[in-house]
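*Asks:* Fold the following.
(one chain, ligands or ions: 2)
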Amino acid sequence: MEDPWQKAYDFAVTVARKAGEVIRKAGESEIKVSTKSSTVDLVTKTDERVEKIIIGSLKEEFGEGTHCFIGEESVAKGEPCILTHKPTWIIDPVDGTTNFVHGFPFVAVSIAFAVNKQLEFGVIYSCLEDKMYKARNGKGAYCDDELIQVSDVKDINKSIIISEHGTDRSPEKVKKIFSTMQKILCIPVHGLRGSGTAATNMCLVATGAVEAFFEIGIHCWDIAAGAVIVKEAGGVLLDVDGGPFDLMSRRMVSANNEVIARRIIKEIEIFSAERDDDMCEIQLE
Ligand SMILES: O=P(O)(O)O[C@H]1[C@H](O)[C@@H](O)[C@H](O)[C@@H](O)[C@@H]1O
Ligand SMILES: [Mg+2]
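*Replies:* Ligands and ions are numbered 1, 2, ... in the order given. This is a model prediction of the structure:
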């Protein structure tokens, strides 16, 4: 029987690479010649421009109306953020926007694809490192053409944990974020890290470079592709309260094994973040 999504998967890799090229060119030309303070607008334009290229390419290839799109920039402009049963692309055109503005070398294009509300595949192109991470349901996870596997570390005392402080600067949330990080550091673990992009952090879990990534405040487009890649690399995904992973909940833990995931969950001070699908007034089918 013909594999219905192989063509979409291969095309997603092509589009991610094309988008990464646009981001690199914007970084080399426009950012370098302007002071950082003036680049915020530029970056918004770059984010929007890259998302338009990605969605435009997908619509051209698969036709208008047959597929749905959840894109960070489109949702920011009021497009719905609801996962229906239709084939749906979940896109973060520039994950690590702040990194991009500052020339901090971790910026990722994240493209995921879901059918019947199930994630089918994920593609993350770390465009400044020129590394293509990808995974299809049930078919393994790859960095370029090399199979990748999560770390085999069992002892959390021998782990590196990666997380982010996000963009919210409200004192009560910042306090909880750093109190959690302090408790995890003092378990103790070997170290805490953060690349500045959830998509890249999840690839680091999938390659075994770190044992776990958790964050409250991320969006579905930050983690959808990474979720498939971590799972296919042998990792686990949970909610920060220990329940099942929930793509739209704005929070998650991904780890190389459940023991380490649940040990981290014990230390997380949970704070609320409005669900991605609640943020949308329009309720679709
Ligand atoms: O808004 P940017 O600079 O892209 O940063 C967020 C990034 O998109 C996410 O992937 C991270 O996990 C967040 O912590 C960043 O704030
Ligand atoms: Mg992002």
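*Asks:* residue ranges of the strands in the stretch 101-250 of the chain, please?
*Replies:* For the stretch 101-250 of the chain, strands defined by DSSP state E, counting those that start in this stretch occupy the ranges 108-115, 118-126, 131-136, 141-143, 146-147, 160-163, 191-193, 212-216, 236-238.
*Asks:* need the contact list for the residue nearest to residue 191 when sequence neighbours are not counted.
*Replies:* Excluding the flanking residues, the one nearest residue 191 by Cβ to Cβ, 6 or more residues apart in numbering is residue 160, at 4.7 Å. No exception for glycine: its C-beta is placed from N, CA and C like everyone else's. The contact partners of residue 160, by Cβ atoms under 8 Å, 6 or more residues apart in numbering, come to 189, 190, 191, 192, 193, 209, 210, 211.
*Asks:* Could you check how far the residue of the stretch 101-250 of the chain found nearest ligand 2 is from residue 178?
*Replies:* Closest approach between the stretch 101-250 of the chain and ligand 2, counting by Cβ to the ion: residue 222, at 4.1 Å. For residue 222, the distance to residue 178 under the criterion Cβ to Cβ, to the nearest Å works out to 20 Å.
*Asks:* So for those two, which sits in the more crowded spot?
*Replies:* More crowded of residue 222 and residue 178, by other Cβ atoms under 10 Å: residue 222, with 25 against 12.
*Asks:* okay, the nearest residue to that one once chain neighbours are set aside: pLDDT?
*Replies:* The spatial neighbour of residue 222 that comes closest, neighbours along the chain excluded (Cβ to Cβ, 6+ apart), is residue 198 at 3.9 Å. Per-residue confidence for residue 198 comes out at a pLDDT of 98.
*Asks:* what residue ranges in the stretch 1-150 of the chain score low on pLDDT?
*Replies:* Across the stretch 1-150 of the chain, the ranges flagged by pLDDT under 70 are 1, 30-43.
*Asks:* what does it put close to ligand 2?
*Replies:* Contacts of the stretch 1-150 of the chain with ligand 2, taken as Cβ under 5 Å from the ion, map to 92, 95.
*Asks:* can you map out the helices along the stretch 1-150 of the chain?
*Replies:* Chain-ordered helices for the stretch 1-150 of the chain, with DSSP state H, counting those that start in this stretch as the definition, fall at 6-26, 32-33, 39-62, 72-76, 97-102.
*Asks:* tell me which residues of the fourth one are tucked away?
*Replies:* Put plainly, it is helix 72-76. 72, 73, 74, 75 (16 or more other Cβ atoms under 10 Å).
*Asks:* From the chain's centroid, how far away is it?
*Replies:* The gap between the average C-alpha position of helix 72-76 and the chain average comes to 15 Å, counting by Cα atoms, centre = their mean, to the nearest Å.
*Asks:* Please apply the same query to the longest one.
*Replies:* For helix 39-62, the gap between its own C-alpha mean and the chain's C-alpha mean amounts to 17 Å (Cα atoms, centre = their mean).
*Asks:* right, is it up against ligand 1?
*Replies:* No - Helix 39-62 does not reach ligand 1 (Cβ under 6 Å from any ligand atom); its nearest approach is 8.4 Å.
*Asks:* That helix packs against which elements?
*Replies:* With contacts defined as 3 or more Cβ pairs under 8 Å, 6 or more residues apart in numbering; DSSP states H and E, helix 39-62 has these neighbours: helix 6-26, strand 68-71, helix 72-76, strand 88-95, helix 97-102, strand 108-115.
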